[in-house]
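[1] What would the 3D arrangement of this be:
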Amino acid sequence: MEPRCAVEDEKTTRCMNLLHKLGLSNMLPKRMQQRDVQVIDTLSQDVKPPKKETELSSQYLYKLMMLDYRARFLSCKPEPTTTAPESHVVSTEDDNDDFLNFSEETVQKVHIEEQHIHPMDIHMAVFHCADDFLRQYIFSKLSSCQFALPLLVSNPFTREIEFPLWALRNIKKSWQSKAQSKMDSHGKYKSRHMFNTPVPVASFIRLGESSISKSEILNNVISKQKHKVFFHRNCKGSTRDCLLMDGVVEITWYCPAGKEDDIFDDCVAFLNLHGDARDHPQQLEFMQSVSTVNVVLLSECPLDEKNKKIFKNLYTSTVPLIVLFAGQEKSLTFKNPTKVRLGAKNRNEAELNEEIISHIQHCVNTYKKNTSIKIFCDEARKHLKWMKTRNPAEMVMNKPMF
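    Numbers count the residues shown, from 1 in each chain. I've put the predicted structure just below:
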C-alpha cells in the first residue's frame, strides 16, 4: 500500500511541475474561464510558433478557436546542446569503422536536459484548469475538428474520476444511414443531440504492453483518410512519457453519409481507454456496462494472473468480443461468431482494418444494444461512487485512496 501511495504522490508532483512549466499552476482547480480565452491580444494579431513552454496553452486555445487541427500537435522542443568531437585525422577504413560503432567514445554526444511537453499533456492540462463553461466551449471546437472527446478523466491531483457531463450535453452530430438514404433521395442529414441519442458502442482496450498502437488501429478503422481522431504514439510531437492521459477514456462517433463507401451503415460510438486496462479497473467496469462490442489488444508477452482474470471476465461476458493478438500473425476461426480472434503481427494494414470493421458490424447487428450519454451517466451511477461538485450538472466519481 505504501509504495502505491508513493507512486501516486510522485505522479501528482510531476503533474504540478507540468502545470508550472505551462504557466497554469494558478489556474487549478477549474479557474480558467471563457472570458480569459476569447480576448484580442498580441497573440491573436501575430501568431508565431511557440518559443517558450508558457506559450503553449494559449497557442493551443487560440488554434482550437480557429478550428486549426494543428492545435493537437503543438510542441516546444528544448534546444539541444552538442559537444563537438575532437578533431583528428583518420583513414577511410577507420572512418568506416567509426560510422558503424555506437559506443560513447565514437558517437557525437547530444545532451538534452529533458523531453519536450507531450501535446496531449497540454490538452489535458487546459481541461483540468478550465471551468465547466470553457470545457463546453472546448468540446464543441474539438468535435468540429473531428477529434475525440474526454469521457472519463482520471484527475491526478484529486485522485478522482471525472465525468464532464456539462461539457458533453450540447454535442451534436449529423449523419445519414443507408436506410435513410434510400428513403430520402434528397440526401438530407439530421442533426442529433448525442446526449439523448442511443447508438451502438465499440470499446477499445489494451491488456499488457504492446509494440502495436491500439489508438492508431482505431483511427484506421474509423477513418479512410487516416484522420488522427485519437492521438497515438506515432503522431507528430509524441514522446514516450505522457502524464495526464493515462486512464482517460475518450469518445468519438462515426457518422455515415448514406453512401456506398461508408465504413459502417449507421452511427457508431467508439470508446478508447488510454493505458493498460489492468491499472484502471473502474474505467474498465464502466466500459463493460455500456459496450455493444469489446475490442481487446492483447500483449505479445504472456498475461499475468491479474490480466488473465480480466480477460476471463471479458470472455465470459455476454458482450461480443474481438481480440487482437499482437504476437500472432494468423487469424483463427472460432465456433462462436461473437468471440473473434485476429492476428495483428506483421499484418497488411488494409486487410486487418477490413477484418475488424466486418466483425464490428456483425457484432453490432447481432447484439442490439444502444447507449447514449444520458445512459452513460445512469450506468456510471451504478458502477462508480459519485460526489457532487459545485456545479450540479456535473458529477465526480471518487477513486479509492490506496
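[2] mind checking the SS state of residue 379?
    Assigned by DSSP: H, G, I helix; E, B strand; the rest coil, the conformation of residue 379 is helix.
[3] Show me which residues of stretch 323-331 are buried.
    If you call a residue buried by 16 or more other CB atoms under 10 Å, then stretch 323-331 has these buried ones: 323-326, 328, 331. For every residue, glycine as well, the C-beta is placed using N, CA and C.
[4] where's the dip in pLDDT among those?
    Across these, the smallest pLDDT goes to residue 331, namely 80.
[5] hang on, isn't that one packed against residue 343?
    Yes - with contact defined as CB atoms under 8 Å, residue 331 and residue 343 form a contacting pair (5.0 Å).
[6] Contacts for the lengthiest helix in the chain next, please.
    As assigned by DSSP state H, the longest helix anywhere in the chain is helix 2-22. Contacts with helix 2-22, where a contact means CB atoms under 8 Å, 6 or more residues apart in numbering, come from 25, 27-28, 53-54, 56-57, 117, 121-122, 125, 128-129, 156-157, 159, 243-244, 402.
[7] can you do 7 Å?
    Contact with helix 2-22 is made by 25, 28, 53-54, 56-57, 117, 121-122, 125, 156-157, 159, 243-244, 402, as judged by CB atoms under 7 Å, 6 or more residues apart in numbering.
[8] Can you say which of the residues you listed are buried?
    Among those, those classed as buried by 16+ other CB under 10 Å are 53, 56-57, 117, 121-122, 125, 156, 243-244.
[9] In helices, which of these appear?
    56-57, 121-122, 125.
[10] what two of the residues you listed have the greatest distance between them?
    57 and 121 (10.4 Å; CB to CB).
[11] where does the stretch 1-150 of the chain dip in pLDDT?
    Applying pLDDT under 70 to the stretch 1-150 of the chain flags the ranges 1-7, 40-47, 77-114.
[12] mind listing the helices for it?
    If DSSP state H, counting those that start in this stretch is used as the criterion, the helices of the stretch 1-150 of the chain fall at 2-22, 34-37, 42-45, 56-65, 92-100, 119-129, 132-144.
[13] who's in contact with the fourth one?
    By CB under 7 Å, 6+ apart, the surrounding residues in contact with helix 56-65 are 22-24, 37, 43-44, 47, 50, 70-71, 74, 76, 117, 122-123, 125-126, 138, 141.
[14] again, 6 Å this time
    With CB atoms under 6 Å, 6 or more residues apart in numbering as the test, helix 56-65 has contacts from 22, 24, 37, 43, 50, 71, 74, 76, 122, 126, 141.
[15] can I get the CA coordinates of it in CSV?
    Presented in CSV, the C-alpha positions along helix 56-65 are these (Å, rounded to 0.1, in the frame of the first residue of the first chain):
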residue,chain,number,x,y,z
LEU,A,56,1.8,26.5,-25.3
SER,A,57,-1.5,26.6,-23.6
SER,A,58,-2.5,30.0,-25.1
GLN,A,59,-1.4,28.8,-28.5
TYR,A,60,-3.4,25.6,-28.1
LEU,A,61,-6.6,27.5,-27.2
TYR,A,62,-6.1,30.1,-30.0
LYS,A,63,-5.6,27.4,-32.7
LEU,A,64,-8.6,25.5,-31.3
MET,A,65,-10.8,28.6,-31.5
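[16] quick one on the thing from earlier: which two of the contacts of helix 2-22 have the greatest separation?
    Greatest spatial distance among those (CB to CB): 54 and 402, at 33.6 Å.
[17] now the ones in helices among the buried ones among the contacts of helix 2-22 as JSON lines including distance to residue 272?
    Shown next, in JSON lines, are those (distance: CB to CB, whole Å):
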{"residue": "56", "distance to residue 272": "24"}
{"residue": "57", "distance to residue 272": "24"}
{"residue": "121", "distance to residue 272": "17"}
{"residue": "122", "distance to residue 272": "19"}
{"residue": "125", "distance to residue 272": "20"}
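[18] Closest one to residue 146 out of the residues you listed, please.
    Residue 146 lies nearest to residue 122 out of these, by CB to CB, at 19.0 Å.
[19] which residues in the stretch 151-300 of the chain form strands?
    With DSSP state E, counting those that start in this stretch as the criterion, the stretch 151-300 of the chain has strands at 160-163, 172-175, 190-193, 201-207, 249-254, 268-276, 293-298.
[20] Can you mark which positions in the following helix or strand past the last one are buried?
    For strand 293-298, the succeeding helix or strand toward the C-terminus, using DSSP states H and E, is helix 305-316. In terms of neighbour count (16+ other CB under 10 Å), helix 305-316 has its buried residues at 307, 310-311, 314.
[21] For those, work out which two are farthest apart.
    Pairwise distances across the buried residues of helix 305-316 peak at 10.4 Å for 307 and 314 (criterion: CB to CB).
[22] my read: residue 116 touches residue 75, true?
    Yes - between residue 116 and residue 75 there is a contact at 5.0 Å, judged by CB atoms under 6 Å.
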